[in-house]
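A.B. asks: Okay, predicted coordinates and the sequence, questions at the end:
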Amino acid sequence: MRKQIKNNVSWVGYLDWELQTFHGDEYSIGNGSSQNAYLIEEEKTILVDTVWAPHRNEFIENLKAELGDLGKIDAIIVNHGEIDHSGSLTELLREIPGTPLYCTANAVKSLEGQFGKQGWNFNVVKTGDSLEIGNGKKLIFIEMPMLHWPDSMATFLTGDNILFSMDAFGQHFAVGELFNDKADQCLLWKEAMKYFVNILNPFAPMLTRKLAELDKLALPIEMIAPSHGVIWRDDPMQIVRKYAEWAAAYQEDQITIAYDTMWQGTEKLAHRIASEIHRLSPTTVVKVFNISRTDKNDIMTEVFKSKAILVGSPTECNGILSSVEGWLGFLKSLKFKGKKAAAFGCYGWSGECVKILQERLAAAGFQVIPEAVKCLWNPGEEDYAAVTAMVEAIL
Ligand code: FEO
């Protein structure tokens, strides 16, 4: 079902509720996600993106109900080829074959790679190219490579001054009323940061350059309509400013401890380390997470906010716990910058855990301090003295 967002522009996406909560007349939220597609109806009718394949039938039926005839669609803008936005194309183009698709050269590769060569009517665009859509309005295309795929682009609608920003500036968050000013602000910013950290942080240097380029284009942006989450209409540039801040090796006065444990020895160390940080630096926020029990994306968001992290695992079979090994691989992929790290863990026999953790943390780009806590069996007073030395060093 369409929802008007401005003049002749409507949201025609899909709210993927896992749990929906209503807060009086103010807002409804869901801990799901949303795939935002948009319909522009000027002299030409333009569809901006589609939704994920499992929702394609409902999406296409909704479009038919709204337009009466899918043949009214003059063109489809494909800002990005990932399947959560392109997943309805095959079905849709079966109904309206030959409809022009506007996308980047890389999007042709990703679409044909995923869906095969189907003879679709591709029109390749690059930054600065535009498409007249009638009533004095046009669409201007802006390539956004690596934000977050090589095929990504954004599209700006003149007149209404809406930037369809694709994945950039999104959140995995569903708000029934669609707009940022209708959302619970605490949840919105938590989700916006989590999305940035887990999807865009690896590309932060490219993002910084792209934001500068966007600034030079001096587009009179009045609304930012991403492909996930809320539409930014209240001070839309606030999310752009926030991205600039987050992309510049952001950190707060926080230290995060992430660990897994076999028989609670490493867990005891984790909590002792947290208490010691708080004792020696009471204003520093300290957070402790068991890697096996917490959403890895949530922990990474806390790592992003931290100036330092401490990672713990016991030794198991000459290695570290597989949960920690996998988590460290994900940590490396997010390319955090300017953060310190230290390692700790218990062992009973061979004791490789600390060395392996230090190697992994260094490979992930952290400045690893040599002070560590390696504890034979369960932690005792000697180990707690080493905790103090490690915490002093990391602080
Ligand atoms: Fe929302 Fe990169 O897809």
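C.D. replies: Now that the structure is in, tell me what you want to look at.
A.B. asks: C-alpha from now on. contacts and neighbour counts both.
C.D. replies: Will do.
A.B. asks: contacting residues for residue 123?
C.D. replies: The neighbours of residue 123, taking CA atoms under 8 Å, 6 or more residues apart in numbering as the test, are 100-103.
A.B. asks: What is the nearest of those to the ligand?
C.D. replies: Within those, the smallest distance to the ligand is 14.3 Å, found for residue 103 (CA to the nearest ligand atom).
A.B. asks: That closest one touches residue 125, doesn't it?
C.D. replies: Yes. Applying CA atoms under 8 Å, one finds residue 103 in contact with residue 125, separated by 5.8 Å.
A.B. asks: More neighbours: which of the two?
C.D. replies: Set side by side, residue 103 and residue 125 show more neighbours around residue 103, with 27 against 19, by other CA atoms under 10 Å.
A.B. asks: contacting residues around that one?
C.D. replies: When contacts are counted by CA under 8 Å, 6+ apart, residue 103 touches 77-80, 122-125, 153.
A.B. asks: Same question for residue 361.
C.D. replies: Applying CA under 8 Å, 6+ apart to residue 361 gives the contacts 328, 332, 341, 367-368.
A.B. asks: Top of those residues by number of neighbours, please.
C.D. replies: Neighbours were tallied for each of the contacts of residue 361 (criterion: other CA under 10 Å), and the maximum of 25 neighbours falls on residue 341.
A.B. asks: what helix or strand is that one on?
C.D. replies: Using DSSP states H and E, residue 341 falls within strand 340-347.
A.B. asks: Can you give the contact residues for that strand?
C.D. replies: 265-266, 269, 307-316, 353-354, 357-358, 361, 366-379, 390, 394.
A.B. asks: Can I get it as CSV, trimmed to CA atoms?
C.D. replies: What follows is the C-alpha trace of strand 340-347 in CSV, where atoms were taken according to Å, rounded to 0.1, in the frame of the first residue of the first chain:
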residue,chain,number,x,y,z
LYS,A,340,43.9,-0.3,21.5
ALA,A,341,43.4,-3.9,22.5
ALA,A,342,44.6,-6.5,25.0
ALA,A,343,44.1,-10.2,25.5
PHE,A,344,43.3,-12.5,28.4
GLY,A,345,42.3,-16.1,29.0
CYS,A,346,42.6,-19.2,31.1
TYR,A,347,44.3,-22.5,30.2
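A.B. asks: how far does it sit from the chain's center?
C.D. replies: 28 Å (CA atoms, centre = their mean, to the nearest Å).
A.B. asks: Could you pick out the residues of this protein near the ligand for me?
C.D. replies: Proximity of the chain to the ligand is assessed by CA under 6 Å from any ligand atom, with 82, 84, 167 identified as the residues in range.
A.B. asks: May I see those residues organised as CSV, with distance to residue 224 added?
C.D. replies: Shown next, in CSV, are the residues of the chain next to the ligand (distance: CA to CA, whole Å):
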residue, distance to residue 224
82, 20
84, 19
167, 11
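A.B. asks: residues in contact with the residue of the stretch 101-250 of the chain found nearest the ligand?
C.D. replies: Per CA to the nearest ligand atom, the residue of the stretch 101-250 of the chain with the smallest distance to the ligand is residue 167, at 5.1 Å. With contacts taken as CA under 8 Å, 6+ apart, residue 167 has the following neighbours: 147-148, 226-228.
A.B. asks: Now with 6 Å, please.
C.D. replies: Applying CA atoms under 6 Å, 6 or more residues apart in numbering, we find residue 167 in contact with 226-227.
A.B. asks: Any regions of the stretch 1-150 of the chain where pLDDT drops low?
C.D. replies: 17-32 (pLDDT under 70).
A.B. asks: Please identify the residue of it positioned nearest to the ligand.
C.D. replies: Using CA to the nearest ligand atom, residue 82 is the residue of the stretch 1-150 of the chain that sits closest to the ligand, at 5.0 Å.
A.B. asks: Can you tell me how far that residue is from residue 52?
C.D. replies: 9 Å (CA to CA, to the nearest Å).
A.B. asks: ditto for residue 226
C.D. replies: Looking at residue 226 against residue 52, where the rule is CA to CA, the gap reads 15 Å.
A.B. asks: Please say which of these two ends up with more neighbours.
C.D. replies: residue 226 (23 against 19).
A.B. asks: Surely the more buried one touches residue 166?
C.D. replies: Yes. Residue 226 is in contact with residue 166 according to CA atoms under 6 Å; the separation is 4.8 Å.
A.B. asks: contacting residues for residue 278?
C.D. replies: In this structure, residue 278 makes contact with no residue, judged by CA under 6 Å, 6+ apart.
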